[in-house]
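Chemist: How does the following fold in three dimensions:
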Amino acid sequence: MLRFREPAITSRETLTEKPTYLLKIWDERNPLIFGIGEAAVFPGLSPEADHRYEYKLIELLANIAIGRPTDLSRHSSIQFGLEQALRDFASGGQRIYFDSPFTSGEKSIEINGLVWMGDRETMHRRLEQKINQGFKCVKLKIGALAWPDELSLIREIRTRFSPDELTVRVDANGAFRMENVFPVLAQLADLGVHSIEQPIPARNPELMKFVCRMSPVPVALDEDLIGIASSEERCRLLDYVRPAYIVLKPALCGGFSGASDWIEAASGLGIGWWITSALESNVGLNAIAQYAGTFDNSMPQGLGTGGLYTNNFSLPIRLDGDRMRFLPDSPVDDAQFISLDWKD
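Modeler: Okay, the predicted model is just below:
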């Protein structure tokens with residue numbers, strides 16, 4: 001169980017801890033060489049997060065032992081963890097999932113500074129921290145406070161920084177409805193906001209299509225991507241709704257293979273995209289950063305900073321201002337994984 005340093009408030013709930021599962025793959029003839037992956041399940045958001053989740057993990061273990069495939073099309077987080085573990089094992093258990101200029105230390109990744117929900121004073125403090133750390137793109141979680149309070153915070157930003165000086169993204173997590181979303185979008189447009197993620201609840205493609213067409217602020221799909229398992233469904237959704245962007249969380253959109261499928265579909269329609277973590281530990285964050293590092297995408301990515309939890313793992317990813325870096329000469333302490341209580 002991952003424990004938050006501070007309660008993480010979303011438009012749905014307040015989190016103080018989050019379950020996650022690590023997958024380990026090794027050759028019994030050399031058990032000290034192993035691959036690690038994180039099945040980063042997200043209760044309340046991941047469709048597979050129910051009482052049957054651990055049974056699916058047991059099924060996967062049993063099938064691997066006998067060489068039988070497992071249908072993970074409806075278990076995105078397990079697909080995500082399995083792909084990591086297999087890639088890590090294939091690279092010799094070095095925690096290298098995607099070999100690229102990022103993992104060689106030649107390239108860094110610009111990320112946005114995420115400002116979690118809280119009361120207005122707390123959000124203001126967190127925003128100041130991000131600006132002082134050098135972030136040139138910030139993303140504010142909105143939808144938990146009264147809208148006038150959140151709006152005043154964005155207005156305050158704009159009195160100090162123009163859109164050319166500071167990019168502002170907002171993430172509504174489906175907080176608004178047909179009756180109130182368009183006044184919000186108009187106010188955000190007046191303030192030069194870059195984009196809004198998931199302004200209305202997921203699974204209403206007709207309304208989302210209308211919002212995307214009429215919104216003066218570019219709209220990004222996020223939760224609407226969850227649970228869409230086939231290439232045909234993905235292409236059909238994007239072609240119908242036509243958002244400006246999609247936000248890809250590998251743990252929620254089909255693992256790395258699913259994210260790549262989404263990127264291919266979006267690119268064919270001229271839809272932009274960026275990659276985002278979803279409250280993973282540093283195991284999953286490391287893998288997502290490496291995946292993001294394989295692309296030539298100049299937009300700030302939505303990677304976490306690794307500082308959310310009190311009981312995180314130590315891996316060679318570091319935040320330098322607003323850029324994520326991989327430290328190839330920093331050894332990984334495998335004792336932190338070997339000492340865990342693994343279930344065969």
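Chemist: Identify the residue spatially nearest to Leu237, adjacent ones excluded.
Modeler: Of all residues not flanking Leu237 in the chain, Ile228 sits nearest, at 6.1 Å (C-beta to C-beta, 6 or more residues apart in numbering). Any C-beta I mention is one placed from the backbone N, CA and C, and that applies to glycine too.
Chemist: what's in contact with stretch 26-42?
Modeler: 18-25, 48-49, 53, 57, 77-78, 80-93, 95, 251-252, 278-281, 283-284, 287, 334, 337 (C-beta atoms under 8 Å, 6 or more residues apart in numbering).
Chemist: same question but for stretch 225-235, I mixed them up
Modeler: 45-47, 73-74, 76, 202, 237, 246-249, 252-254, 258, 261-262, 265, 268.
Chemist: Please save the CA atoms from it in CSV.
Modeler: Provided in CSV are the C-alpha atoms of stretch 225-235 (Å, rounded to 0.1, in the frame of the first residue of the first chain):
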residue,chain,number,x,y,z
LEU,A,225,-10.1,6.5,-23.0
ILE,A,226,-10.4,4.0,-20.1
GLY,A,227,-11.8,0.6,-21.0
ILE,A,228,-11.6,1.0,-24.8
ALA,A,229,-9.8,-2.1,-25.7
SER,A,230,-9.7,-2.6,-29.5
SER,A,231,-8.1,-0.5,-32.2
GLU,A,232,-11.4,-0.2,-34.0
GLU,A,233,-13.2,1.2,-31.0
ARG,A,234,-10.3,3.7,-30.3
CYS,A,235,-10.3,4.9,-33.9
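Chemist: Pull out the buried positions in that stretch.
Modeler: Neighbour-count burial for stretch 225-235, counted by 16 or more other C-beta atoms under 10 Å, picks out 225-229, 234-235.
Chemist: and it, how far from the chain's centre?
Modeler: 17 Å (C-alpha atoms, centre = their mean, to the nearest Å).
Chemist: quick one: Asn311 from Trp147, how far?
Modeler: Separation of Asn311 from Trp147 (C-beta to C-beta, to the nearest Å) stands at 35 Å.
Chemist: higher neighbour count, these two?
Modeler: Trp147 (15 against 9; other C-beta atoms under 10 Å).
Chemist: Mind listing what's buried along the longest strand along the chain?
Modeler: For the chain, the longest strand by residue count, based on DSSP state E, is strand 30-39. For strand 30-39, the neighbour count (16+ other C-beta under 10 Å) marks 34-39 as buried.
Chemist: Ok, stretch 210-220 next?
Modeler: Quick answer for stretch 210-220 (16+ other C-beta under 10 Å): 210-212, 215, 217-220.
Chemist: export those residues to a markdown table and tack on secondary structure and pLDDT?
Modeler: Output for these, formatted as a markdown table (DSSP: H, G, I helix; E, B strand; the rest coil; pLDDT from 0 to 100):
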| residue | secondary structure | pLDDT |
| --- | --- | --- |
| Phe210 | helix | 97 |
| Val211 | helix | 97 |
| Cys212 | helix | 97 |
| Ser215 | coil | 97 |
| Val217 | coil | 97 |
| Pro218 | coil | 98 |
| Val219 | strand | 98 |
| Ala220 | strand | 98 |
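Chemist: which pair in those spans the largest distance?
Modeler: Phe210 and Ala220 (15.9 Å; C-beta to C-beta).
Chemist: where exactly do the strands run in this protein?
Modeler: 2-9, 14-18, 21-27, 30-39, 109-110, 113-115, 137-141, 167-171, 195-197, 219-221, 245-248, 272-275, 317-320, 323-326.
Chemist: Now do stretch 332-344: distance to the chain's middle.
Modeler: 25 Å.
Chemist: okay, now the domains of the protein?
Modeler: 2-94, 109-326 (automatic domain parsing).
Chemist: could those domains go into a markdown table alongside distance to Trp342?
Modeler: Formatted as a markdown table, these follow (distance: least, C-beta to C-beta, whole Å):
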| stretch | distance to Trp342 |
| --- | --- |
| domain 2-94 | 6 |
| domain 109-326 | 14 |
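Chemist: Deepest-packed of those, please.
Modeler: Mean neighbour counts were compared across the domains of the chain using mean count of other C-beta atoms under 10 Å; the top stretch is domain 109-326, at a mean of 19.
Chemist: start to end distance for that domain?
Modeler: Distance between the boundary residues of domain 109-326 (C-alpha to C-alpha, to the nearest Å) amounts to 9 Å.
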